[in-house]
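> Here's a sequence, model it:
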Amino acid sequence: MLILVRHGRTPANAAGLLQGRLDQDLDDHGRRQATAIAEFVHSRWAVDEVVSSPLVRAVQTAVAFGVEPQIDERWIELAYGEYEGTPHLSMPAEVWQRWRTDPQYVAPGGESLAALDVRVRAACEDIIERAAVRNVVVVSHVSPIKSAVAWALDVDPSIAFTCHLDQAAVCRIDIRNRRPILSSFNETAVLPPNA
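Predicted coordinates for the structure are as follows:
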């Protein structure tokens, strides 16, 4: 099984900023989320291997699983270019519209959703054989995970704009007859009461 995990919260997440490749640590809440989601996964499935985006917030979440993560650059978040660090609510409407309607759109200094989709689908194809016989946790970010879900569903990656993925959430993809089957989306763990 392929167990996709979105990283825990960072200060940029808490502030409502478009994060992209900004490389921040998890905040205290994010560290609690990482611990809780690792416990959630471990309580249900054996974890045979862990793969992570190279960004610090993903690696810190991956370490909570207690298995040395393998770094795979293909799972890094979309580069938003000059818009990284911009509050979501301050983003120009025309930029959101371009992202929603044109997968080839590249913000200045950024990356297109089409390019992200190509690298994520390649990463999924490379991992499919292992995920058919082992439980592989991949700790990544909202855009790559939604792209992997689109891969599993065999649909256009534009579904990213019609689904919501929480921080420290799990999406599970089973592999049957070398075909991906989406078995869950946006599962989250309950944080301890003092969190």
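> ok, the residue nearest to the spatial centre of the chain - contacts?
Nearest residue to the geometric centre of the chain (Cα atoms, centre = their mean): His141, 2.6 Å. Shown in contact with His141 (Cβ atoms under 8 Å, 6 or more residues apart in numbering): 6-7, 53, 55, 58, 75-78. Yep, even glycine has a C-beta here, placed from its N, CA and C like the rest.
> most surrounded residue in the residues you listed?
Within the contacts of His141, His7 tops the neighbour count with 31 neighbours, counted by other Cβ atoms under 10 Å.
> Help me confirm that that one comes into contact with Asp27.
No - taking contacts as Cβ atoms under 8 Å, His7 lies outside contact range of Asp27: 11.3 Å.
> Quick one: find the helix or strand in the protein with the lowest mean pLDDT.
Ranking every helix and strand in the chain by mean pLDDT, DSSP states H and E puts helix 93-101 at the bottom, with a mean of 90.
> neighbouring contacts of that helix?
By Cβ under 8 Å, 6+ apart, helix 93-101 touches 83, 105, 107, 113, 158, 161.
> Can you report how many residues lie near the nearest residue to the last one once chain neighbours are set aside?
So that's Phe161. Nearest non-adjacent residue to Phe161, counting by Cβ to Cβ, 6 or more residues apart in numbering: Arg100, 5.1 Å away. If you count neighbours by other Cβ under 10 Å, Arg100 ends up with 14.
> With Glu68 instead?
By other Cβ under 10 Å, neighbour count at Glu68 equals 10.
> Any regions of the protein where pLDDT drops low?
Scanning the chain for pLDDT under 70 picks out the ranges 192-195.
> Try it again at 50.
195 (pLDDT under 50).
> now the strands: where do they sit in it?
Secondary structure of the chain (DSSP state E): strands located at 2-6, 49-52, 70-71, 136-140, 169-176, 179-188.
> Partner strands of the first one, with direction?
Using DSSP bridges, strand 2-6 pairs in its sheet with strand 136-140 (parallel), strand 169-176 (antiparallel).
> Kindly report the same for the last one.
Paired strands of strand 179-188, with direction, are strand 169-176 (antiparallel) (DSSP bridges).
> List the buried residues for the strand it pairs with?
Applying a neighbour-count criterion of 16 or more other Cβ atoms under 10 Å, one finds 169-173, 175 buried in strand 169-176.
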